[in-house]
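S.K.: Turn this into a model:
(one chain, ligands or ions: 1)
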Amino acid sequence: MDLAHLTIEQARNLLKKGEVSPVELVDAVIGRIKAYDNKVNAYITVLEREARDQAVQMEDGIKNVDWDKQPLYGIPLAVKDLICTSGIKTTCGSRILENFVPPYDATVYSALKKAGAIVIGKTNMDEFAMGSSTENSAMGICRNPWNLDRIPGGSSGGAAAALAADMCIGALGSDTGGSIRQPASHCGVVGLKPTYGLVSRFGLVAFASSLDQIGPMTKDVTDAAILLDVIATYDDRDSTSIPREDVDYVETLKDGLDGYTIGVPKEYFIGGIDDEVESCVKKAIELGESLGANIKEISLPHTEYGVAVYYIIAPAEASSNLARYDGVKYGYRHRNAKSLIDMYCETRSTGFGAEVKRRIMLGTYVLSAGYYDAYYKKASQVRTLIKRDFEDAFKDCDVLITPVAPTTAFKIGEKADDPLQMYLTDIFTLPASLAGIPGISLPCGLDRYGMPIGVQILASHLNESKIFRVAYNLERALGFERKSLPVS
Ligand code: GLN
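M.R.: Below is the predicted model of the structure:
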């Protein structure tokens, strides 16, 4: 058995019984990274020595571990490279932060360490999490292990690819408009965007602060529940943090679907969606019915505005958040400038990539005097309508089931020069982000090219346990097979 293929739950059971050691696990994962990451490019930083040293130190203590307090003891996990890790480079996939070493830990990273996890590396991503394909990384594009000519999705493409190729056991990603769910869907893994506020953003490099959220990316649903249990905590260093309800996510998995109502929003099954994606998602819905759930067609009438609203609000917030990268305080500074203004201009012109600059310009424009009311304010109003659509839907439904993306992973380069085409691929993930509700992506089948298809399950605020329950039941019924990739 290849130890790197294990899930968190499986690895933990073997560690508990003493049948596997933290060093063996780390070595197996490092072995996979050495064999495949030169092709996939899922990692920006691999912490081989640090992870191995930590694993060696953990060998003795394993007999006395309190597994309730340290549920991730000895398990190698990956972290997206926009989560601050003190003493370890955090680049955000950008030249402007290429050599940035944070002096403090993100709350989620502290939580992982406290739970005993071994962080094996920092994963590749679209620069500042802006993108849907991981082609916008200053550290090189990342490839999909299911087919190296295709994108892994984005912006957490590195984490999804690392999981799919067994180059980690579990991972943390971040999702502003789909960046956990869409790459999970394209790489055949599970990705959960929690309710906005459930997981602390302290130490997450900000993109669009009213949307950003950290969440688990894992090989199965049980692992997502295990990781969320560790990272969902109230944090007074994040002003939007909300207290977690007293719920054990792993426990809630075990209940069945009897009496549950699954809503199917008609606006998510429209022209432009690939036939195979549509039929695969519909099959998952039918499976839900055969497991005892009621199916109800519903309407989310403002869905069509999601892309336009998001691509005003997210760039607006980004233009403000990214103003701090001016070459003065930290990060990259252009060296040959003749004046202060020249230094700002040169630093930002050469430090940021094309997509980030496009967003800063769009964001500055929609916030500027004279345009603010027409764009930013209007978008915020329509955002409220989108939120209300979901509130109405959840009066009658426990969860909603939709596709994650209109197509499976496209070819590298296919949409890179056409921002609008790229933005449109986010159509099914953006509304939930704008509403702040949780959503999971669960693998539900393969298309004719052998590429994974994902189904999205959404619930109302703080109802992650409902999502887990439906996802877990569907996962078992679907029997999606995890392969050992890359196949070549
Ligand atoms: N693809 C979306 C964007 O480019 C979402 C990214 C994200 O969730 N970080 O903004």
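S.K.: In this structure, where is pLDDT below threshold?
M.R.: 487-488 (pLDDT under 70).
S.K.: Residue 34: neighbouring residues, count only.
M.R.: 12 (other CB atoms under 10 Å). The way it works is simple: take the backbone N, C-alpha and C, and place the C-beta from them, glycine included.
S.K.: same question but for residue 270, I mixed them up
M.R.: Residue 270: 13 neighbours (other CB under 10 Å).
S.K.: Ok, the one 4 residues further on next?
M.R.: Counted with other CB under 10 Å, residues neighbouring residue 274 total 15.
S.K.: Torsion angles phi and psi at the residue nearest to it when sequence neighbours are not counted?
M.R.: Nearest in space to residue 274, with sequence neighbours left out and distances taken as CB to CB, 6 or more residues apart in numbering, is residue 407 at 4.6 Å. With angles defined as degrees, to the nearest 10, residue 407 sits at phi -140, psi 170.
S.K.: Return the residues in contact with residue 407.
M.R.: 273, 274, 277, 425 (CB atoms under 8 Å, 6 or more residues apart in numbering).
S.K.: gap between it and the ligand?
M.R.: Distance of residue 407 to the ligand, computed by CB to the nearest ligand atom, to the nearest Å: 14 Å.
S.K.: Also residue 406?
M.R.: 13 Å.
S.K.: That residue belongs to a helix?
M.R.: No. Counting by DSSP: H, G, I helix; E, B strand; the rest coil, residue 406 falls outside a helix, being coil.
S.K.: And for it, the neighbour number?
M.R.: Residue 406: 18 neighbours (other CB under 10 Å).
S.K.: pretty sure it is touching residue 428, no?
M.R.: Yes. Contact criterion CB atoms under 8 Å: residue 406 and residue 428 qualify, at 6.9 Å.
S.K.: my guess is residue 156 meets residue 186, correct?
M.R.: No. Checked against CB under 8 Å, the pair residue 156 and residue 186 is beyond contact range at 10.6 Å.
S.K.: The two - which one has more neighbours?
M.R.: Neighbours were tallied for residue 156 and for residue 186 using other CB under 10 Å; the higher tally belongs to residue 156 (38 against 35).
S.K.: Once you drop chain neighbours, what's closest to the residue in the stretch 351-488 of the chain that the ligand sits nearest to?
M.R.: Residue of the stretch 351-488 of the chain nearest the ligand, by CB to the nearest ligand atom: residue 426 (4.7 Å). Distance criterion CB to CB, 6+ apart; nearest residue to residue 426, sequence neighbours excluded, is residue 178 at 5.0 Å.
S.K.: likewise residue 308?
M.R.: residue 379 (7.3 Å).
S.K.: how about the one you found, what does it touch?
M.R.: 308, 309, 312, 313, 316, 366.
S.K.: Among the residues you listed, which ones are in helices?
M.R.: Assigned to helices by DSSP state H, the following of the contacts of residue 379 qualify: 308, 309, 312, 313, 316, 366.
S.K.: Save these as CSV, and put in distance to residue 339 too.
M.R.: Converted to CSV, the ones in helices among the contacts of residue 379 look like this (distance: CB to CB, whole Å):
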residue, distance to residue 339
308, 39
309, 39
312, 34
313, 34
316, 29
366, 29
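S.K.: Pick out the most distant pair among those residues.
M.R.: Spatial extent of these (CB to CB) is set by the pair 308 and 316 at 12.8 Å.
S.K.: and these two? which has more neighbours close in?
M.R.: residue 316 (24 against 15).
S.K.: one step back: by neighbour count, which of the contacts of residue 407 wins?
M.R.: Going by other CB under 10 Å, residue 277 tops the contacts of residue 407 with 24 neighbours.
S.K.: so who does residue 221 touch?
M.R.: Counted by CB under 8 Å, 6+ apart, residue 221 has contacts 190, 253, 440, 442, 468, 471, 472, 475.
S.K.: any idea which element residue 333 lies in?
M.R.: Using DSSP states H and E, residue 333 sits in no helix or strand.
S.K.: my bad, residue 215
M.R.: Going by DSSP H and E, residue 215 is part of strand 213-218.
S.K.: Within the sheet, what are the partner strands of that strand, with directions?
M.R.: Strand pairing for strand 213-218, using DSSP bridges, gives strand 170-175 (antiparallel), strand 190-193 (antiparallel).
S.K.: For the ligand, find the nearest of those.
M.R.: From the strands paired with strand 213-218, taking CB to the nearest ligand atom, the stretch that ends up closest is strand 170-175, at 4.9 Å.
S.K.: residues from the protein in reach of the ligand?
M.R.: 129-132, 155, 175-179, 207, 314, 426 (CB under 6 Å from any ligand atom).
S.K.: Serialize those to TSV and add fields for neighbour count and secondary structure.
M.R.: Listed next are the residues of the chain next to the ligand as TSV, based on neighbours: other CB atoms under 10 Å; DSSP: H, G, I helix; E, B strand; the rest coil:
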residue	neighbour count	secondary structure
129	30	helix
130	29	coil
131	28	coil
132	28	coil
155	34	coil
175	31	strand
176	27	coil
177	29	coil
178	32	coil
179	36	coil
207	27	coil
314	27	helix
426	26	coil
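S.K.: tell me the SS of residue 349?
M.R.: With three-state DSSP as the criterion, residue 349 reads helix.
S.K.: Please give me every residue in contact with it.
M.R.: Residues counted as contacts of residue 349 (CB under 8 Å, 6+ apart) are 334, 357.
S.K.: And for residue 353?
M.R.: Contact partners of residue 353, counting by CB under 8 Å, 6+ apart, are 94, 95, 127, 136, 138.
S.K.: again with residue 391
M.R.: Per CB under 8 Å, 6+ apart, neighbours of residue 391: residue 460.
S.K.: give me the element it is part of.
M.R.: Judged by DSSP H and E, residue 391 forms part of helix 378-396.
S.K.: Flag every buried residue along that helix.
M.R.: 378, 379, 382, 383, 386, 387, 389, 390, 393, 394 (16 or more other CB atoms under 10 Å).
S.K.: Alright, I will stop here.
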